[in-house]
Each structure stands twice: as structure tokens, then as C-alpha cells.
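A.B. asks: just a sequence and a predicted model for now, questions to come.
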Amino acid sequence: MLPLIDQILTTAGCGDSPAVRQAIEAACFNQTSFVDAVLDCEGVRERDFLMALAKALSLGWWEPEDEEKPAESGIRRLLPAEIALRHRLLPLFTEETEGGSELDEAKRTLHIATFDPLNLVAHQRVAASLAMPVVWHVGPRTRIVEGLQKLYGLGADTFEKILRGRADWGSEELKDEVTVLDEPEDEEASVVRFVNQIIRRGLDQRATDIHVEPQHDRLRIRYRIDGRLEELPVPENIKSLQASVIARLKIMARLDIAEKRLPQDGRINLELDGTPIDVRVATIPSVEGESVSLRLLAQQQVTLNRLGLTSTVRPVIEELLKLPNGIILITGPTGSGKSTSLYAFLTELNQTHRRIVTIEDPVEYKMPGVVQIAVKPEIGLTFAAGLRSILRGDPNVVMIGEMRDLETTEIAVRAALTGHLVLSTLHTNDAIGGITRLVDMGVEPFLVSSAVRAFLAQRLVRKLCPVCKAPAEVEEPYLRSIGFPSHVRGQIMKAVGCEACRGSGFQGRLSIYEIVLVTHALQHLINSRAHPAEFMKQALKDGYVPMRGYGFQKVLSGETTIEEVLSVTAAGERQTPSPATPVVATAPTRLAA
């Protein structure tokens, strides 16, 4: 091995590692990057190795500041995206040479950061494409890749070729571009590659939704990650290829690409590393063009263990699932995780001696051993019509995707009263609101009290990153003001941010619940059409724990933050506990027969 390489490895503290030496030998044999081979080895500290490399080559060290400054205007045009992204070279800034001017490129110097200064091909391509001197710096690989993504955007290298080929087209033609099918073969392949990159990156970042949204002067692409929308950097000229990108998505979803005036729905079946991914696609016509939303659904089995239920709530749910009949309703707004909880319950119930039939719009997760029906209103297969047929098929358990109308709800009530266990969802803000919602829909109170066994309300909060979370100091007056239990022991944690969580401080989400059991006392109040405040008082006597109290248990266990719990339970929360309200649930009162 060369003395210089030995010196660099020794300075970085990995000179004695057999794995590193084997990786270097393999890189030399395969004529691949020596630097990449070392950085990919387990146990190599990236920063130490690259700083040793920079020192050995007498190059400057670059590392972004905590507060990133906006990129210099026009710097992305100096170094072509094809070269920058292929060789992972990040243009940093320019400076004037002595006697130079901003308008004369030959009198300016471009500073470029790389993590592989030994890449001679990159040096040659930069020298051939630039008419200005270059100063090289060495920087962390992860930060350079992040910087390139922000500066150029996803797929900039492939789109740069397309846009160069279109230079002689009129501007009006760019605005009135038709579909990807009318483009040359190389452009079609580039658009396909770009769309695949969008979806693949979304899956890698654990996105649940991808939104492609035409704006007046750009095409905005956003991911919903852990419930928050984050914008994806894209090439600045992607607007001119808007129609091709949207047409490609519609083709993948088998939608009519000629229909741009009406909304359309479809789905795409994908596979990532052996895991099937179901993508639901919805298009919406807007004044700036068609907006496309993709809902990413990994076909993975959901169990009660994955819901992260507390030791006081899980036995209550398990008892409910053992009931031979009745309705269990999960309430909450759109996107609160109701469907995931329903599928977890079905997984628990899915046994050979039970016949389970579902009717959904649409079927989100395919479950082996369960008969699943997708609603098709255009042919008359509505929730009500499908439910009537299901009840003639001798089911033990029926799952209804949503109780949307009185007819569906009345059939579900009759099913519960005739010996079936029914699971469904309802759009309300809290568990108590489920009672008044059913009565407002037109269901008689005595039927509600006789058929429904429990109302479960839920929300989703972000989970703290296990790598970087740290203890938080919270003032006692603030805790008292929000009703946080001072008598319960636990450590309150806060979000910090690291590379593992992309600086957000959170990884994934968890559900927080509240459960109202329909006991004999609550039945009496429902039948007498009591005020919701009376329902709340009785539920608290029966062992009901408000959602905020359940969330505080998750805070004390170090799984989430106080701010996360307050963000989903503060607005319009009539069940907010007082400081005297216990957070740890007592043994629940027995359900009414």
C-alpha cells in the first residue's frame, strides 16, 4: 500500500483495520473510488478520515455552519448539474481575483467542495467545462450530498440534457406541451427515471404522501413525513416538464391522460426491496394544471404490538375484541390513524374459527384469510348495499370502513343486535362526540346504547428520535397550567436533531387514545338524551382517561414531547383534565351487557 495512504489511515485511526485494507484492495482491483470504499467500512469515522485526507493533500476543510446561508445567486449555473451530481462536487461560492469583475468569469475563482479529491476524472471534467480557476476543499460526504440535493434538486442531471435539447423550441410550445408520449425516447426515459426517483426517495424517507402541485412559476413537490409536509428540492426549470411528469404518474395509475377537467382516482402497485407498496393516486384539476396526490401504503402486517398501547389500555382493547357482538367505533379526523388501528384489531381477530368480512372505500391493506370488498358506487355497490349482502353470508366479524350515512349505520346497528361484532370509524373530534354524532345522524338513542360497546378516539403524535433525544427542563408552573401530573414519576425528554432523523428530532409516529366504555350508567344517560357534559362526568367515574392524559403517559415514558401532545389535543378539547384528574387509568367499569 502507498505510504501516503498508510499515513492518512494512521492519522484517521483506522490504519490497523483489516476491513479497511480489504476494502482498499477491492477498490483498486475493481478500479472504483478508494475514498468511497473506506467511508463505507464499518467503524470508520467519516470526519476524521476526510480531515486527514485534506491535511495530507494540503487542501482546505469545509463544513457547513449550523445556520446555513442561502446559496450564492446563479452559482448552480457555473457548474453543470451533470458534472456536479455525477462526481458529487458542491460549488460553494465565487470570489473576485485581483483586478477582476463580477461579469468576467475568467477573473473570478470558484470554490468547490468534494469528499473525494483523488477523483482525477472529476478534476478533468471541471477544467474542461469551466473558464475560471478553481479552489478545491474537502468536506463531509453526507453534507455534500445534502447540499447538492438542495442546490440542484432531484434529477437535475437528467433534465439538464432535455432542456438543452429544447433550446431552439419556442416559449409558447413549452407552455402548451402535451404528454410524455409525444416526446423523444430519451426524454421519456428521463421523465420515467425522475418519477421513479421521486417515489423511491419518498419511500426511503418514510413519507406517507407525495403531493405534486403545479404553481404559477414552478412545480412544487412535497412529502408528508411523520405528519409534516416537507418540500423536495427540484430543478429550477422543472416547470417546463410539468405535463410530462403528471402524464407519467397518470399512466402508472392507469388513468385517462386526456381527461384534465375532472378528478380521477387510481392506484399503482410497486415493490421496494421485496416489500409490496400500494400507492393510491388522486388527481385534482386546478387553475395552474392538474395536482396529483400519492398515498404510500406499505403492505405490512399491523398488530397490537405496533400500536404501542400502554399497559392500562391494551387489556381494555383485548377485552373489547373478545365480545361476541356489538359495535366498536374508532373516531377521529382524517389522517389520525383510524384505519391502521382497525387493521390491527382485525389481525388480532383473524383466526380460523372466525369469518371476517370487510367493506371499504378503498381497500388499503390486503389481509390473508379476510374477505375484503371494495365499494363501487358507480355500479350500485355502496356501503349499505354491500353490508346487506355481507350479513347474508354468515360472518362473525364485520368491518365497515366508515359510517357515512343513516342507512349504513342502521344496518350496522341491526347487525350488532343480531349477534355480530362490528368494527367501524366515525369522523368526530373525541370519543364522547361519537354518541351525539350517531344521534344527530338519526339513530334512536336506545339503539345507540344497546348496540355500541365502546368509542375510541385517537390522534397521531411524532415519536422522539432514540438516537438524539435528551432530558428537558420544564418549569413547574407551566406543567400545572396544562394539567401535567406532578405525582407521577418519569423523565420528560426533548427533540434535539441528528443525521438519523434528518435534523427533525423525531422518527415515526405513535397513537394516543381515549376510550369511553358504554356502561349501564352511561346507557341510562344516552337513553334520556342527557347533555354531553353529563356523558363526560359519568365516563370519568367509569375510569375514562382523556386523550391528553394518555399522551402525558407517553411523555413520561420518553416516547414523545409535551408540545406534540398539546398540538393534537389542545384545540376544542372539552375533555381536558384538571390538575386533580388522574392520568394513570384505574380498572375500567364492566361493559353493559
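C.D. replies: Perfect, thanks for sending it.

A.B. asks: now stretch 28-37: buried residues?
C.D. replies: 33-35, 37 (16 or more other Cβ atoms under 10 Å). Bear in mind the C-beta positions are built from the backbone N, C-alpha and C, glycine included.

A.B. asks: so among those residues, where is pLDDT lowest?
C.D. replies: Of all these, residue 34 has the smallest pLDDT value, namely 74.

A.B. asks: contacting residues for it?
C.D. replies: Neighbouring residues of residue 34 by Cβ atoms under 8 Å, 6 or more residues apart in numbering: 5, 24, 27-28, 118.

A.B. asks: scan the residues you listed and report the most crowded one.
C.D. replies: Tallying neighbours with other Cβ atoms under 10 Å puts residue 24 at the head of the contacts of residue 34, with 19 neighbours.

A.B. asks: name the helix or strand of the protein that has the lowest mean pLDDT.
C.D. replies: When each helix and strand of the chain is scored by mean pLDDT, DSSP states H and E, helix 171-175 comes last, with a mean of 36.

A.B. asks: after that helix, next one along is what?
C.D. replies: As assigned by DSSP states H and E, the chain's next helix or strand after helix 171-175 is helix 185-204.

A.B. asks: average pLDDT for that following helix?
C.D. replies: Per-residue pLDDT over helix 185-204 has a mean of 79.

A.B. asks: check which helix or strand covers residue 536.
C.D. replies: Taking DSSP H and E as the criterion, residue 536 maps to helix 532-541.

A.B. asks: helix or strand right after that helix?
C.D. replies: With elements assigned by DSSP H and E, the helix or strand that comes after helix 532-541 is helix 547-556.

A.B. asks: give the other helices and strands that that following helix contacts.
C.D. replies: Applying 3 or more Cβ pairs under 8 Å, 6 or more residues apart in numbering; DSSP states H and E, we find helix 547-556 packed against strand 452-464, strand 506-517, helix 562-569.

A.B. asks: now the longest one: average pLDDT?
C.D. replies: Yep, that's strand 452-464 we're talking about. 94.

A.B. asks: tell me the contacts of the residue nearest to residue 417 when sequence neighbours are not counted?
C.D. replies: Nearest non-adjacent residue to residue 417, counting by Cβ to Cβ, 6 or more residues apart in numbering: residue 451, 5.6 Å away. Applying Cβ under 8 Å, 6+ apart, we find residue 451 in contact with 326-327, 412-413, 416-417.

A.B. asks: look up how far residue 525 lies from the closest residue to residue 256 other than its chain neighbours.
C.D. replies: Counting by Cβ to Cβ, 6+ apart, residue 256 lies nearest to residue 264, which is 6.6 Å off, once chain neighbours are set aside. According to Cβ to Cβ, to the nearest Å, residue 264 and residue 525 sit 47 Å apart.

A.B. asks: can you tell me the helix or strand for residue 478?
C.D. replies: Counting by DSSP H and E, the element that carries residue 478 is helix 476-481.

A.B. asks: what of residue 113?
C.D. replies: Counting by DSSP H and E, residue 113 is found in strand 108-114.
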